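**Q** Return a 3D structure for these sequence lines:
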Amino acid sequence: MRLLAIDTATEACSAALWLDGALIERFEVAGRTHTEKLLPLVQALLAEAGIRPAQLDGLVAGIGPGSFAGVRIGVGLVKGLALGLDRPVAGISSLAMLAQAAIRGGAQRVLPCIDARMSEIYLGAYQRGGDGLAQSLQFDQVVPPEQADLSALAGDWTAVGTGWGSYDAILRQRLAKAPLSVDGSALPHAQDALLLALPLFQSGQALGADELAPAYLRDRVALTLVEQQAARAAKAAGA
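**A** Coordinates of the predicted model:
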């Protein structure tokens, strides 16, 4: 089976190929330059593997949560390719991808958290399944960090993602026990989307291209002027 995965939901821009058991990836931190970098990155990856898009059996998209613009870029490219090639697709959560990377590193239970801006975080809770893949323990959510409901999560947890980088002290207060480790700079990788999507293709659960949709978790993309002023005032007061 030959699958191509693309993720642009955060600052990272990555693409990965699954080629009958072999996995290769290209990854870089793109900031806000996904539009310029994504297609050349994908083309370079395909050239490295020596295959053409028509030889793919399916495509995988990182569907967020993350940057609204970033999510749209990645999902749009995957959907366009899938429609043109008439191939099935799978969408994988950015939080699940972060959790899977930590599990590959040996973690058993993971709290992935992405800085959602606007004084909010995207948060999930995952555990290592018997197949070695991340299994969600609760719905991914968007919430202010000081309202994150983590008190019921007893035991040992590994914390990953930019939300921890931005709100480590606040999130630690919400946990009953300090995390085993914290990687506040971790970003999703397309290779982890491939690992999570592979069983969907193998079991016939992949989607048609028209069914692929972003997972924004929230509908608002900007604060009102009044909310921006209030946020700045609150930040200044806490400094």
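
**Q** ok, residues contacting stretch 104-112?
**A** The contact list for stretch 104-112 (C-beta atoms under 8 Å, 6 or more residues apart in numbering) reads 94-96, 98-99, 102-103, 123-128, 134, 137, 150, 153, 155-161, 164, 171, 179-180, 186, 192, 195. Every C-beta, even on glycine, is put in place using the N, C-alpha and C of the backbone.

**Q** can you check stretch 134-141 too?
**A** Applying C-beta under 8 Å, 6+ apart, the set of residues contacting stretch 134-141 is 65, 93, 95-96, 99-100, 103, 109-110, 122-129, 196, 215, 217.

**Q** Weed out the non-buried ones from the residues you listed.
**A** By neighbour count, with 16 or more other C-beta atoms under 10 Å, the contacts of stretch 134-141 hold 65, 93, 95-96, 99-100, 103, 109-110, 122-128, 196, 215, 217 as buried.

**Q** what about this protein, any weak spots by pLDDT?
**A** 219-239 (pLDDT under 70).

**Q** Just give me the residue right at the centre of it.
**A** residue 94 (1.4 Å; C-alpha atoms, centre = their mean).

**Q** picking up where we left off before, so which of the buried ones among the contacts of stretch 134-141 belong to strands?
**A** Residues of the buried ones among the contacts of stretch 134-141 located in strands (DSSP state E): 109, 110, 122, 123, 126, 127, 128.

**Q** Does the third one touch residue 145 like I think?
**A** No: assessed by C-beta atoms under 8 Å, residue 122 is found out of contact with residue 145, at 10.7 Å.

**Q** shared neighbours, the two?
**A** residue 163.

**Q** Surely residue 112 is in a strand?
**A** Yes: counting by DSSP: H, G, I helix; E, B strand; the rest coil, residue 112 is located in a strand.

**Q** and the gap between the nearest residue to it once chain neighbours are set aside and residue 206?
**A** Spatial nearest neighbour of residue 112, chain neighbours left out: residue 98 (3.7 Å); criterion: C-beta to C-beta, 6 or more residues apart in numbering. Distance of residue 98 to residue 206, given as C-beta to C-beta, to the nearest Å: 22 Å.

**Q** So those two - more neighbours on which side?
**A** residue 98 (30 against 22; other C-beta atoms under 10 Å).
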